[in-house]
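1. whatever this is, show me its structure:
(one chain, ligands or ions: 1)
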Amino acid sequence: MSKNTFEENQRRHRLEDDQRVWLFGYGSLIYLVDFPYLESRPASIRGWSRRFWQGSHDHRGTEENPGRVVTLIEEAGAVCGGLAYLVEAPVFRQLDIREKNGYLRVATEMTFDDGSHAPGLTYIATPDNEAYLGEASEYEIARHIYRAEGPSGTNADYLLDLAAALRELGLHDQHVFDIEFHILKLGNQ
Ligand code: SIN
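-> Coordinates of the predicted model:
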């Protein structure tokens, strides 16, 4: 069973309704934008790497057969590129529901493509959450993703859409692209 982090996130950061907050997205938040925002900008955060190490029981898998989705893993010197969105604070209620399967809002500083910085929030599923699956080789992850599916669609589409969105942003992520390579090969077998 996975633990629902919605309530914890609602308590975590007391935001005023009229506050505007930068949200850093690095996974599906880059390409599946079902929330209102005022502005979006390419951005990066330091000290984190994107990894398909989080289980998905509610979007790209099920309780019985969880999928694999991205989270951020602490890594000294790493830079993770993504998209930042300026959102009105009440939007976090909707985001907390979407990210409820183990992700917690974490305060972070992001760097925009012009070199300027801003404080904001990002959703991270840490290794102690119950849906966490942990490290595996890119080949094993691809095999896992290839067969998983949930209410939001196939796990392969999550991976392929993310890889395409990263390319579109001019971002290189070897981990994601290696998994994509294996998925495409599995599809051709
Ligand atoms: C994110 O995209 O920033 C968080 C992970 C996800 O929802 O895929």
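2. hang on, residue 123 packs against residue 106?
-> Yes. Under the criterion of C-beta atoms under 8 Å, residue 123 makes contact with residue 106 at 7.4 Å. Where C-beta positions appear, they are placed from N, C-alpha and C, glycine not excepted.
3. more neighbours: which of those two?
-> Shown here are residue 123 and residue 106; by other C-beta atoms under 10 Å, residue 123 has more neighbours (25 against 17).
4. for the nearest residue to residue 94 once chain neighbours are set aside, helix, strand, or coil?
-> The shortest distance from residue 94 to any non-neighbouring residue, by C-beta to C-beta, 6 or more residues apart in numbering, is to residue 35 (5.5 Å). Here residue 35 is coil, with the state taken from DSSP: H, G, I helix; E, B strand; the rest coil.
5. residue 35: neighbour count?
-> When neighbours are defined as other C-beta under 10 Å, residue 35 has 16 of them.
6. ok, it touching residue 97?
-> No. Residue 35 lies out of contact with residue 97 (C-beta under 8 Å); the separation is 10.3 Å.
7. on that earlier part again, residues touching the residue nearest to residue 94, list them.
-> Going by C-beta atoms under 8 Å, 6 or more residues apart in numbering, residue 35 touches 85, 87, 91, 94, 95, 98.
8. check which helices and strands the helix or strand hosting the fourth one sits against.
-> To tie it back to what came earlier, the one meant is residue 94. Using DSSP states H and E, the element containing residue 94 is helix 91-98. With contacts taken as 3 or more C-beta pairs under 8 Å, 6 or more residues apart in numbering; DSSP states H and E, helix 91-98 sits against helix 6-12.
9. swap in 10 Å and give it another go.
-> The contact analysis (3 or more C-beta pairs under 10 Å, 6 or more residues apart in numbering; DSSP states H and E) places helix 91-98 against helix 6-12, strand 20-25, helix 28-31, strand 67-88, strand 104-112, strand 117-124.
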